[in-house]
Structure formats: C-alpha cells, structure tokens
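Peer 1: The sequence isn't on hand, but the structure is:
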C-alpha cells in the first residue's frame, strides 16, 4: 500500500515537472458547443468552418499570450441536455476560460445559466432570439439580433418599393422564427405598414397552399416571412405555383438569408428581400480576403454564420490578448472593451453585451439564383 | 482535492440528473407495457408536468414539494379524462391516439401566451437535485417491486400474456388499464417537473414525438420482465451519447449501431429475468 502511494506521488511529481516544462507550448484552449451532427448541423458546421479559418490566421500571427490558440469542440446535436452536458464537460472537465456557441437560442437558454453560475464568459455567434444576453452578465452575442436587422429591411422596402400593406407568415414552432416574427410585428407597426393577415405554419410543413391562397385573395403589396431555409423555400415555390405575381415580393428574416434558398426554390426565389449583417459580395478588402480564403479551404461559399463565427474568433482572441491571461473574469472585462473591424463591419459590444453597431447591415435581393445588393 | 471532486460533480451533474429522470420515464413506460398496452403519451404527460411545475414555480413561487405534487396530479387527471375513451383501443390504435394527444398538447404550448410559445419558459430555478430525483426513482422502484409480487402484479402479467383469458379469470380489465395509465402519467409528470427544475429551460419541442419514441426505446432496450429492466435501458441510452463523445463525428453512427445490434440479438431486452426471481434474490436495489 505504502509503495503504491509512493509510486503515485512520484508519478504525479514527474507529471508536474513535465507540465511545467511544456507550459510554454501548451495552447490556450477555449471551448465551442455547436450542432455538428443531426438535422441542423449545417449551421454548426458553417460556424465551425468560420472559427477554424480564423484560428489558422490567429495562430499564424503568433497566437495569444505567447501560445497557440485552440478550440475544443463539443457536439450538442441540437439537443438541450446534450448541450448542457457539453458545457459542463468544457467548464468542469477541460476548464476552458471561455465558451463559443451554442448554435441555437434554445440551447443558449439552457446553457447560459450554467456559464453564468460558473462565471465563464459565453459568446453566441448565431443566437438571435430576444432575451439571450439578459440570461446573465457573462452571456455575450456577436450576431445582430433580428430586432436590429429586420427594421432596416422593412424601412428599405417601404421607401424603395412603396410597400403599404403586407401579409405576414411565420413558423410558430421555433424560437428563432417566432422571435423573428415578434420583431417584424413591432417594426411593421412602427413604420405604419398595414398587416392584412398573419398566418402560421410549422417548421417541418411542406404544404403552404392554404395560407398563401388566403393571402393571394387579400392582395398584399408584399409577404413578410419569418422562416428557416426549408420552409422558406417551400413558401417561395408555393407562391410561384399559386400565381401570386412577382411584384409581390417576399421579405424575409434572417432565416431566408442563405445561399441554400435558391438551390431549392430556383427562380421562384427571385425578388426575395432580406436584410443581412453580412453579405458575400460586400466589396471591402477584408471581406474579399475572407471569402477567397474560405473558398480555398472548404471549396464552397461561406454563409453569414461562417462570417459571424470568423469575426467572433478574432474578437475573442483580441479579448484574451487584452486580458493578459486566460482568466475568465479578465476575459469578460476585456470583451466588453474590444473594438474590431471585421468582415461584418465595425464591431463593439453594448453595455448589455449585444452588438452595438448596425451600420454593417445590407439589404439584399435574390436575382437569378444569387443574392445581390438591393438598390 | 475537494476542488477536483467539485469539478467532477459539476461536469457530470446534468448527466447524473438525466439518468434518474429518464429512469423515471422508463418506469412510466413500463407500467403500461407491463399490461400489454402500447401508449405513446408519456412525453405528453411529461410535458404537462414540466409546464405545470415551471409555471407554478416561476409565476407563483410555490414550494417545490407542492409543485411536484401538482405536476403529478394534473397529468393524472388528464389521464383519467383521456383514458376512459382511448383505452377501448388497443395495439397500434392506442399508440396513434396517444401520439395525437402529444401533438395536440405541443400545438397548444406553441400557441399559448402563458407558456411562452416556441420560446418556451426560461430561467426556471434549479430546485431539483439528487435527493428529489433519486428519492423518487427509488420509491417508485420499491413500490413496483411490491406491486409486481402481489396479486396485482400477477393480474398484470396475466393481462400481458393473454387479455381474454385474464378477463375470463375475473381480472377487471378496464380498471387495471385506467389505473396503469394514471400511474404512468403521474410518473411522467414527476419526471417532467424534475427535468424542468434541473435544466432551467423548457420548450414545446422537448415533448414531441421524438421524446415519446425515446421513452419507448428505454423500455424496449431494457425489457419489461421486471421494473429494473427499463431503468437499465434508460441508463444505457442516456449514457451512450456521452460515453461516445470522444468519437466526435462517428458518435451518432456508433450509438445507432449499438442499439440496432441489441435489438437484433436480444429482442426481449437486455434484462430478461422475470420479476418473481428478481424480487426473491434482490434485497438491495441496485
């Protein structure tokens, strides 16, 4: 028994010395919880790609605190319990000083309180629902909430297209599309645009003819839609099939802001208007460089989730450098002060840990299967 | 050293809680399956318990014990109302009707202002813990062991093997079926309430068809020979995705493959011992 204890002590002593020697090379590891498997993994994978691309650049430029930066990914599979397990794994097991993600707002509502309890900053890159940062003083987000983007889109549609009366459709079984709708409703009221009818659908629905037939009979100037890609594309196809004229535009929330919409809806997608915190053809040099690097590495076009993740990693790396140590409390304080000029435009946090600057928002329209800046 | 233990507990806290809660759900499935009834309403009753308890805690601030009681009584009442007409059905027809119950409830949660719609309810205080979860699971297991060894247990087994014969022998079939559904609803409601009070967030999607099938699979994997079997199934199905975490991209594939292999090679479940023997030999519940 004694010998065994002695051996154990010797082994742990040796491990300590080894750890001390290796400390200079040990990477600073932050955690990330994303949906890497399951039906919603296209979001998680785009985000991971964005992180990894930025990570390469950060490490090529010398990393942080004299060591390389590393990301420990955990899969949430889009499931609340698994996201919680992943967060506990990262905080309690891997001892990360900061967590990126999770992908969905629903997951953040479950994971956020854990991070706050342990005083670990957590930075959502794609969590746009209302009330995310209200979870607690360690919850940040870099994605512009719909509340900032949608009013810009609707105001542009009103000014440039003379939209006065609209029909609204939203997916009522998803936190993202539901809170998108709440924002649309408020913005429409504020702009004095009349809402003729509000129709709902489920995110997995494939038949929208009942809602659209009713909408067609009301003759709106435009149809405002809060939907994710699959349902959104289905609505566009059904709208075309029912013969609703092309002059009646679909004005979408962030869910329709995806290059996958035209691959499903094809020419039916033409004319769709969305507001975006980021756009692939934004002409500035930083964005062009990002798009080229992303295409070279992954052989596909980046989407806004990748762009938001890409910017976020630079913001986080800057915060770790400013903090001077991989200490959660110091990183949190530093995050609040970071100013970054990234592919989404100028970025800083409000005192409530939301993005402060909406000047990067662009309104884009679908033409010939591609988004372009709406003029 | 204490910090190390603290970190360990923190890391596996949700998992340890999930094991107990899913064990309760497996028992709620066991009660109906033990009578040969295929009901898929457990997820709905779980959601009912979760929402009732969360609303009571968040809006009124009721004491936790009272909240748990309400989370059992409301689904029990619902089971009484729903049970009377649906228990005339059997086999897949009962399964379909109970899926319908879950869908109706899901759509109600999505459209009601009170339940927060698709955004669900967040910020539920963490009131559940090891004592409430494993205390409930332990009590339920002990109760089931006593029931299974009594006259009621023999009647249940007779119904499972041959309903007509059991009825001819004087077993009050409708009463047994309704009682089983009510107990099942109470257990599921309790599990829902405990889950809501350890994960701090609930949304309608947590209690849909997917959840119903998960709960059924606990009992299918474990077997229904004794109350321990479905709990074992729940433990394994809850642990697998976390144990396989290191496999990253292959996690889902391996997880699925293990389940398929078990179902093919052990169609009666992992634990096929019958209750009589288990009750006699197991003094210490595992």
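Peer 2: Thanks, I have it. Just so you know, these numbers come straight off a predicted model, no measurement behind them. Numbering: from 1, shown residues only, chains lettered A, B, ... in the order given.

Peer 1: Near residue 164, how many other residues are there?
Peer 2: As the question left the chain open, I've gone with chain A. 13 (other CB atoms under 10 Å in any protein chain shown). Using the backbone N, CA and C atoms, a C-beta is placed for each residue, glycine as well.

Peer 1: actually chain B
Peer 2: Neighbour count for residue B:164, taken as other CB under 10 Å: 9.

Peer 1: three-state assignment of it?
Peer 2: helix (DSSP: H, G, I helix; E, B strand; the rest coil).

Peer 1: Near chain B, which residues of the stretch 1-150 of chain A? Just list them.
Peer 2: Proximity of the stretch 1-150 of chain A to chain B, by CB under 8 Å from any CB of the partner chain, involves residues A:36-38, A:73-75, A:77, A:80-82, A:84-86, A:88-89, A:91-93, A:95, A:106, A:109-110, A:113, A:118, A:129-131, A:135.

Peer 1: and those residues, which are buried?
Peer 2: A:36-37, A:73-75, A:77, A:80-82, A:84-86, A:88-89, A:91-93, A:106, A:109-110, A:113, A:118, A:129-131, A:135 (16 or more other CB atoms under 10 Å in any protein chain shown).

Peer 1: Give me the subset of these lying in strands.
Peer 2: Counting by DSSP state E, those place A:73, A:74, A:75 in strands.

Peer 1: Out of these, flag the one nearest to residue B:12.
Peer 2: Closest to residue B:12 out of those is residue A:74 (14.0 Å), distances taken as CB to CB.

Peer 1: For the closest one, which non-adjacent residue is spatially closest?
Peer 2: Spatially, and ignoring its direct neighbours in sequence, residue A:74 is nearest to residue A:86 (3.5 Å; CB to CB, 6 or more residues apart in numbering or on different chains).

Peer 1: now do residue A:160
Peer 2: residue A:374 is the one closest to residue A:160 (CB to CB, 6+ apart), at 7.5 Å.

Peer 1: I'd like to know if the helix or strand harbouring residue B:54 reaches chain A anywhere along the stretch.
Peer 2: Using DSSP states H and E, residue B:54 sits in helix B:42-55. No - counting by CB under 8 Å from any CB, chain A is not contacted by helix B:42-55; separation bottoms out at 11.7 Å.

Peer 1: just checking, next helix/strand downstream of that helix?
Peer 2: Next along from helix B:42-55, by DSSP H and E: helix B:64-86.

Peer 1: Spatially, and excluding backbone neighbours, which residue is closest to residue B:118.
Peer 2: Once flanking residues are discounted, residue B:118 sits nearest to residue A:178: 4.0 Å by CB to CB, 6+ apart.

Peer 1: just the helices in chain A please.
Peer 2: Secondary structure of chain A (DSSP state H): helices located at A:2-22, A:41-60, A:80-88, A:105-117, A:146-161, A:175-191, A:209-218, A:229-241, A:260-265, A:285-298, A:304-323, A:328-337.

Peer 1: ok but residue B:37 is inside a strand, no?
Peer 2: No - judged by three-state DSSP, residue B:37 forms no part of a strand; its state is coil.
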